[in-house]
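[1] quick check, what structure comes out for this input:
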Amino acid sequence: MLYIRMLVMMVVSLITSRIYLRVLGETDFGIQNIVSGIVLAFTFISSTMQIATQRFLNYEMGKGDEKSVSKIFNVSLLLYLIISIGIIFLSETIGLWFLNNKMNIPSDRMDAANWVYQFAIAGFVFQMLRIPYNATIIAYEQMNFYAYFSIFEAILKLGAAFLVIYIPFDKLILVSLFTMIVYLAITICYMIYCNLHYTITKIKLYWDTKTIKKLSSFSGWSLYGSACIMGSNQGVDIVINLFWGVTVNAALGIASQLSHAINQLVSNFQVAYNPQLVKLYSQERSHEFFLLIQRSSKFSFFLLLYAFIPLFFCSDYILELWLGKYPAYTLEFVRLMLIYVLIDSLQAPLWLSVIATGKIKQYHLITGTVLLLNIPIIYLLMSLGLSPLYAWGCRIFISVILFIIRLLYLNKIVGFVISDYLKTTILPAILVLSISILFPIYISNAFFGLKNLIIVFFSTLIIVSLLIFSIGMNKSEKASAIRIIKNTLKHENFKKI
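    Numbering: from 1, shown residues only. Okay, the predicted model is just below:
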């Protein structure tokens, strides 16, 4: 369901973007994105708070203490309300001044831009207040309902896009109004669903200083980590802009869109296994905790291989099909970013496991600081006149360093056995990757264009699946896979098909 959710949201996003661009025109479309972007800058804070809420809900649920879970939910909701008030204050003072005095917006569209801004603030607040309810659904591992709500939201947005076409009113204002209404409607749906199904979401007035301190401290260090990630990403782009200009930035932007879409495969997988990591840790079930880290790391990698191989070996044709002409360095950036995402897929369960332990102060200080090293190193490389491709070569190198740091840190705080991880996860991953790319290398030298893409895609599907089953899985994983396949074949819905 999470993957169906991802596909629906991607398709709807493409369709709505196309409709809004056609209906609004370039100027109003630009205003919509720029003005909303002022408010969206605050998502940096909300995403950090969501990590904290999710972690503590899962932790208390793993201990089986429903009263503590309810307290975490209500304290989180209170904190989100306080943060929302703070964001409204900043938005209506500094943000509003910036919009009306510093933004380069045509004078005849300033009134409409202000309406867009106000609707964006309201929509953002509704999204903020939804987070504890969203976290509750994920904590209870109701992934189907989480996916259904997301799909329903996407369908509402698509419906709103079509309404904008036919309603005779200022299209820019309508787009923003309908977007806000969708956010409000989905937030109300989340609240109703949670209140009907979970007792912990019954609103109670809690002011627990100890709980607030725990959540705030955890969020503070998570905020530092998130700031370092954002600073590293934006800093590298700025350094490349200083030395190579906007053309190379455009190539980076195209490559980033493609790699972000592929990374969603792993992100959806993370949503599914993250609650279990926290619960297993809170229950002190170390063996199962370590086993889940190993398996989720390995299968995140395997899952990504299905997209990585066709995209890597057919990226020139895919880019030509998608964009026609594309900026210099785009192809190389795409391939380097795919390598980066593949390495990162192995690491995701490691940093999520650190978050599960709650011991994040030293972790974020170390990893965040190492991440920021990208900026001075890349600046030095560019100063030496090296190609901009070295920038992403550097990022891949730093990513490998962070991989080692995360393994060592997990070993230090929970006794995670690195040698077992190398044997059960890294070795099978390397073997499957090494063998699975041999045939695409041969095919890519023999065929070109659409024929190459079709052959590589279907051969990857078959070869990778066979390699995962024969080399990538141990005996118990094979037995589980066979059992799942048999149960699926016996299912009534499958028989009807």
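
[2] where does the stretch 1-150 of the chain have low pLDDT?
    1-3, 10, 14, 17-18, 21, 26, 29-30, 33-34, 36-48, 103 (pLDDT under 70).

[3] got the contact list for the closest residue to residue 361 other than its chain neighbours?
    Sequence neighbours aside, residue 221 is the residue nearest to residue 361 in space, at 5.1 Å (criterion: Cβ to Cβ, 6 or more residues apart in numbering). Bear in mind the C-beta positions are built from the backbone N, C-alpha and C, glycine included. Neighbouring residues of residue 221 by Cβ atoms under 8 Å, 6 or more residues apart in numbering: 360-361, 364-365.

[4] filter these down to the ones in helices?
    361, 364-365 (DSSP state H).

[5] could I get those residues as JSON lines with neighbour count, distance to residue 399 and pLDDT?
    What follows is the ones in helices among the contacts of residue 221, written out as JSON lines (neighbours: other Cβ atoms under 10 Å; distance: Cβ to Cβ, whole Å; pLDDT from 0 to 100):
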{"residue": "361", "neighbour count": "13", "distance to residue 399": "22", "pLDDT": "85"}
{"residue": "364", "neighbour count": "22", "distance to residue 399": "16", "pLDDT": "87"}
{"residue": "365", "neighbour count": "14", "distance to residue 399": "18", "pLDDT": "90"}
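
[6] just the element for residue 368, please.
    Element membership for residue 368 (DSSP states H and E) is helix 361-372.

[7] before we move on, which element is the residue nearest the centre of the chain in?
    By Cα atoms, centre = their mean, the chain has its centre lying nearest to residue 267, at 5.2 Å. Following DSSP H and E, one finds residue 267 within helix 246-282.

[8] swap in residue 318?
    Short version, using DSSP H and E: residue 318 is in helix 286-323.

[9] cool, residue 416 as well?
    With DSSP H and E as the test, residue 416 turns up in no helix or strand.

[10] what sits against it?
    So residue 416 contacts 290, 293, 353, 407, 410 (Cβ under 8 Å, 6+ apart).

[11] 7 Å - rerun?
    Contacts for residue 416 (Cβ atoms under 7 Å, 6 or more residues apart in numbering) come out as 290, 410.

[12] now it: how far from residue 476?
    20 Å (Cβ to Cβ, to the nearest Å).

[13] show the pLDDT at residue 327.
    We have a pLDDT of 80 for residue 327.

[14] tell me where this structure has strands.
    Secondary structure of the chain (DSSP state E): no strands present.

[15] what about the residue nearest to residue 122 when sequence neighbours are not counted, neighbour count?
    Of all residues not flanking residue 122 in the chain, residue 180 sits nearest, at 5.1 Å (Cβ to Cβ, 6+ apart). Per other Cβ atoms under 10 Å, the neighbour tally for residue 180 reads 20.

[16] in contact with residue 180, which residues?
    Residue 180 touches 119, 122-123, counting by Cβ under 7 Å, 6+ apart.

[17] closest one to residue 85 out of the residues you listed, please.
    Closest approach between the contacts of residue 180 and residue 85, by Cβ to Cβ: residue 122, at 13.1 Å.

[18] from residue 287, how far out is that closest one?
    Distance from residue 122 to residue 287, counting by Cβ to Cβ: 48 Å.

[19] looking at these two, which one has more neighbours?
    Neighbour totals were compared for residue 122 and residue 287, and residue 122 leads with 19 against 8 (other Cβ under 10 Å).

[20] how near is the more buried one to residue 284?
    44 Å.

[21] how about stretch 274-289 as CSV, C-alpha atoms only?
    C-alpha atoms of stretch 274-289 as CSV (Å, rounded to 0.1, in the frame of the first residue of the first chain):
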residue,chain,number,x,y,z
ASN,A,274,10.9,2.1,11.9
PRO,A,275,8.1,1.6,14.5
GLN,A,276,9.3,-2.0,15.0
LEU,A,277,12.9,-0.8,15.6
VAL,A,278,11.8,1.5,18.4
LYS,A,279,9.5,-1.0,20.0
LEU,A,280,12.1,-3.8,20.0
TYR,A,281,14.6,-1.5,21.6
SER,A,282,12.2,-0.4,24.3
GLN,A,283,11.4,-4.0,25.1
GLU,A,284,15.2,-4.8,25.4
ARG,A,285,14.9,-7.5,22.7
SER,A,286,18.5,-7.0,21.5
HIS,A,287,18.7,-10.1,19.3
GLU,A,288,15.5,-9.2,17.3
PHE,A,289,16.6,-5.5,17.3
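
[22] hmm, who's touching that stretch?
    55, 58-59, 61-63, 138-139, 141, 292, 352-353, 356-357.

[23] now a ChimeraX select for only the buried ones of those residues.
    In ChimeraX, this line selects whichever of these come out buried by 16 or more other Cβ atoms under 10 Å:
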select :55,58,59,61,62,138,139,141,292,352,353,356,357
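
[24] the contacts of stretch 274-289 in helices, which ones?
    55, 58-59, 61-63, 138-139, 292, 352-353, 356-357.

[25] need the residues you listed in a markdown table with distance to residue 95, can you?
    Shown next, in a markdown table, are the ones in helices among the contacts of stretch 274-289 (distance: Cβ to Cβ, whole Å):
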| residue | distance to residue 95 |
| --- | --- |
| 55 | 30 |
| 58 | 34 |
| 59 | 35 |
| 61 | 37 |
| 62 | 40 |
| 63 | 41 |
| 138 | 30 |
| 139 | 33 |
| 292 | 42 |
| 352 | 33 |
| 353 | 37 |
| 356 | 36 |
| 357 | 37 |
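
[26] which of those sits closest to residue 424?
    So of the ones in helices among the contacts of stretch 274-289, ranked by how close each gets to residue 424 (Cβ to Cβ), first place is residue 292, at 12.0 Å.

[27] was I right about residue 249 contacting residue 241?
    Yes - Residue 249 is within contact range of residue 241, at 5.2 Å (criterion: Cβ atoms under 7 Å).

[28] in the contacts of residue 221, find the pair that's most separated.
    360 and 365 (9.2 Å).
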